[in-house]
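Novice: Pasting a predicted model and its sequence here:
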Amino acid sequence: MCLFVQRRALFSLSRRIAKRIPLLSKKSSFENMMMMSDRKNMIMSDRTSPRSMDGVGPTGTTRGSAESCTLLVVGDVHNQWGDEDETAIEFLDPDMVIFVGDIGNEDVDLVQRIGSCTRYRKVVVLGNHDAWYSLTSRGKQRAIKAALQSSSLKRISGNRDGVVESLTALGDCHIGYSSMVADDLGLVFAGARPFSKGGMHWGTVAEFYKKYYNVDSMEDSMSKILESVLDEKNAEHALVVVAHNGPTGLGSRQEDPCGVDFMEPADDFGDPDLEEALEVAASCGRCASLVLFGHMHHTLKKGGYRNMVSVDGDHGTVYLNAAVVPRTKNVPYTNTMIQNNDDDTTEMATSRHFVKVTMSRGVVQEASNIWVTVPQPCDVSSCHISESQLIVKRSTDAMDESTLSYYKAHSDEWEHVRVL
Ligand SMILES: [Zn+2]
């Protein structure tokens, strides 16, 4: 790695962090740079072993290859998960299922269901809702209120810790601040800061991250993300970064992938630690192929839809927000098995949303929103894809200008379509 590039990146990093985070502004740029340099050296010399995918999933064997693989991203679940989803996954048969968090409001039972399911291979990074009662002082007030209203709230009535129970249930599948190697796919999945609620402020979550991860600041958090991203043992594999919230730097308009739409003025609500980690990694020659996240829902508070994709043509990185919420909907379904009958054969079934990403040799080829209709009773043979919508495609072919907008600012190689 070029030392000049590294120093320039570290200087840029410390300057931007100092601008964003008051704590660091108390130090000089030079002190910041040296501090970051020390941290970086620590990271480079003290890397933890990546987790192996061996034994994970229904068979524990290899199914895909580095030549081609399919990832299925589950956006914010918000309790909408059941047999239908597991059946839909079996129908789609991906090489890996990726959960970007917000399974429920600290719903340990649902996290345990996902953690123990052997019908699919998975990685997970939990979200702020998964620490609904534990993340902030506001959350703890919520817990007291909920306990007063309902004696059935199990973890509040005793000494149970919903965060610990959720992390225990997921085990190695949870990759927040860690990584997991899938040798057969030629990929390493590196986790960003778990339980992120977005934004620049650390104060309201300081106690939580100190308690569960011994992380003291946004900068510490950046170092931990870098630790998983820059693991030398993973270097031969293409890098897929999984986060709950996306990084800063993807725009500050409401409709941008992490743009604030819940208050005025609009702003960038991404995670600064993730942006810095990705940038330092890129300066070391380690660029992510794909960064997956959720948290900022696709529908905007004032109406309209969020742009769920961004492409960094310089680094070849595709950023995808998968938070289409709600991720289930009721759709009419015609039962063809009894179609000859003159009676009305149209029933209602549920459709489940996923983002399907295909990769080849570690490079994203395309990603689509897909809705899988799963009639009752749940059965793989009766599942079908009811909607499929291209989000991003690696192509230089001319495409329909009326349905596509083109990422001229970022790259001439990628094209994207806006999510519904
Ligand atoms: Zn969230």
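Specialist: Arrived safely, thanks for sending.

Novice: which of the residues in stretch 294-307 are buried?
Specialist: Judged by neighbour count using 16 or more other Cβ atoms under 10 Å, the buried positions of stretch 294-307 are 294-300, 306-307. Just so you know, the C-beta spots here come from the backbone N, C-alpha and C atoms, and that holds for glycine as well.

Novice: Now tabulate those in TSV and tack on pLDDT.
Specialist: Shown next, in TSV, are the buried residues of stretch 294-307 (pLDDT from 0 to 100):
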residue	pLDDT
294	98
295	97
296	96
297	95
298	92
299	91
300	91
306	90
307	89
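
Novice: so which of those residues comes closest to residue 203?
Specialist: Using Cβ to Cβ, residue 295 comes nearest to residue 203 of those, at 19.3 Å.

Novice: State the helix or strand in which the closest one lies.
Specialist: Residue 295 belongs to no helix or strand when assigned by DSSP states H and E.

Novice: Same question for residue 385.
Specialist: Counting by DSSP H and E, residue 385 is found in strand 384-394.

Novice: Can I get that strand in PDB? Just the C-alpha atoms.
Specialist: Only the C-alpha atoms of strand 384-394 are listed here, as PDB (Å, rounded to 0.1, in the frame of the first residue of the first chain):
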ATOM      1  CA  HIS A 384     -44.400 -17.600  -7.500                       C
ATOM      2  CA  ILE A 385     -42.700 -14.300  -8.100                       C
ATOM      3  CA  SER A 386     -45.600 -11.800  -8.500                       C
ATOM      4  CA  GLU A 387     -43.500  -8.700  -9.100                       C
ATOM      5  CA  SER A 388     -39.900  -8.100 -10.000                       C
ATOM      6  CA  GLN A 389     -38.400  -4.700 -10.500                       C
ATOM      7  CA  LEU A 390     -34.800  -4.000 -11.500                       C
ATOM      8  CA  ILE A 391     -33.000  -1.700  -9.100                       C
ATOM      9  CA  VAL A 392     -29.500  -1.700 -10.500                       C
ATOM     10  CA  LYS A 393     -27.800  -3.500 -13.300                       C
ATOM     11  CA  ARG A 394     -24.300  -3.700 -14.500                       C
END
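
Novice: wait, what's in contact with residue 212?
Specialist: 163-164 (Cβ atoms under 8 Å, 6 or more residues apart in numbering).

Novice: and it, what are its phi and psi?
Specialist: Per-residue torsions, residue 212: phi -100, psi -20 (degrees, to the nearest 10).

Novice: Would you mind writing the CA trace of stretch 284-294 as CSV?
Specialist: Written as CSV, here are the backbone C-alpha positions of stretch 284-294 (Å, rounded to 0.1, in the frame of the first residue of the first chain):
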residue,chain,number,x,y,z
CYS,A,284,-5.7,0.8,1.6
GLY,A,285,-6.9,-0.8,-1.6
ARG,A,286,-9.8,-2.7,0.0
CYS,A,287,-13.0,-1.6,-1.7
ALA,A,288,-16.4,-3.1,-0.9
SER,A,289,-18.3,-4.6,-3.8
LEU,A,290,-21.6,-4.2,-2.0
VAL,A,291,-22.8,-2.3,1.1
LEU,A,292,-26.2,-3.5,2.3
PHE,A,293,-28.4,-1.7,4.9
GLY,A,294,-32.0,-0.7,5.8
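
Novice: ok, which stretches of the stretch 101-250 of the chain are helices?
Specialist: 108-116, 137-149, 154-157, 162-170, 206-213, 218-229 (DSSP state H, counting those that start in this stretch).

Novice: Single out the most deeply packed of those.
Specialist: helix 218-229 (a mean of 24; mean count of other Cβ atoms under 10 Å).

Novice: elements contacting it?
Specialist: If contacts are counted by 3 or more Cβ pairs under 8 Å, 6 or more residues apart in numbering; DSSP states H and E, helix 218-229 sits against helix 3-20, helix 29-45, strand 187-191, helix 272-283.

Novice: Out of these, which gets the lowest mean score?
Specialist: The stretch with the lowest mean pLDDT among these is helix 29-45, at a mean of 40.

Novice: Need phi/psi at residue 202.
Specialist: phi -100, psi -30.

Novice: and it, how many residues sit next to it?
Specialist: 20 (other Cβ atoms under 10 Å).

Novice: what's the closest non-adjacent residue to it?
Specialist: residue 218 (5.1 Å; Cβ to Cβ, 6 or more residues apart in numbering).

Novice: and this protein, which residues reach the ion?
Specialist: By the rule Cβ under 5 Å from the ion, the part of the chain lying against the ion is 102, 127-128, 295.

Novice: contacting residues around the residue nearest to residue 129 when sequence neighbours are not counted?
Specialist: Nearest non-adjacent residue to residue 129, counting by Cβ to Cβ, 6+ apart: residue 102, 4.2 Å away. Shown in contact with residue 102 (Cβ under 8 Å, 6+ apart): 76-78, 126-130, 244, 294-295, 323.

Novice: which one among those gets closest to residue 357?
Specialist: Nearest to residue 357, judged by Cβ to Cβ, of the contacts of residue 102 is residue 294 at 14.0 Å.

Novice: surely that closest one meets residue 323?
Specialist: Yes: applying Cβ atoms under 8 Å, one finds residue 294 in contact with residue 323, separated by 3.7 Å.

Novice: could you list every residue that touches the closest residue to the ion within the stretch 251-400 of the chain?
Specialist: Among all residues of the stretch 251-400 of the chain, residue 295 sits closest to the ion, at 3.8 Å; criterion: Cβ to the ion. Residue 295 makes contact with 76, 100-102, 127-128, 196-198, 244-246, 258, 321, 323, according to Cβ under 8 Å, 6+ apart.

Novice: ok, so of those, who is nearest residue 366?
Specialist: Closest to residue 366 out of those is residue 321 (16.2 Å), distances taken as Cβ to Cβ.
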